[in-house]
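A.B. asks: Turn this into a structure:
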Amino acid sequence: MIARSESPTGPFERRPDDHVLLESSDAWIGPGHNAVATDASGADWIVYHAIDPERPFQPAIDAVRRPMLIDRLEWVDGWPQLGDAPSSLPQAAPEAADR
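C.D. replies: Have a look, this model is predicted:
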């Protein structure tokens, strides 16, 4: 579910088409626990975890591997939009600030 508001406390408007932002794909399953970050150029990125179905468990321990992924977040008519996400191909990286 995606909802938006001009205030952190609402009221919230649900996206009318019930679009899901992150969905499982052939390359990644169970994407979630996301956060949004803005890079030095002002571009937004979504950072999240997902499971590689080919390597779901960490070696030597009985725990699920959930590597961190990052994809470019676009805004269309005020709603967040992703291309092929979770992405399975290399893509441009966020812009870093000089320190």
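
A.B. asks: going forward, measure contacts between C-alpha atoms and count neighbours the same way
C.D. replies: Will do.

A.B. asks: And stretch 51-63, what's buried?
C.D. replies: Going by neighbour count (16 or more other CA atoms under 10 Å), the buried part of stretch 51-63 is 51, 52, 56.

A.B. asks: Residue 41: what's it in contact with?
C.D. replies: 95, 96 (CA atoms under 8 Å, 6 or more residues apart in numbering).

A.B. asks: Go again with 10 Å.
C.D. replies: For residue 41, the contacting residues are 94, 95, 96, 97, by CA atoms under 10 Å, 6 or more residues apart in numbering.

A.B. asks: cool, and residue 10?
C.D. replies: Going by CA under 10 Å, 6+ apart, residue 10 touches 3, 4.

A.B. asks: repeat for residue 83
C.D. replies: Counting by CA under 10 Å, 6+ apart, the residues that residue 83 touches are 21, 22, 71, 72, 73, 74.

A.B. asks: That one and residue 73, how far apart?
C.D. replies: Distance, residue 83 to residue 73, by CA to CA, to the nearest Å: 8 Å.

A.B. asks: joint contacts of those two?
C.D. replies: Common neighbours of residue 83 and residue 73 (CA under 10 Å, 6+ apart) are residue 21.

A.B. asks: still on that earlier bit, which one of the buried residues of stretch 51-63 is nearest to residue 1?
C.D. replies: residue 51 (20.5 Å; CA to CA).
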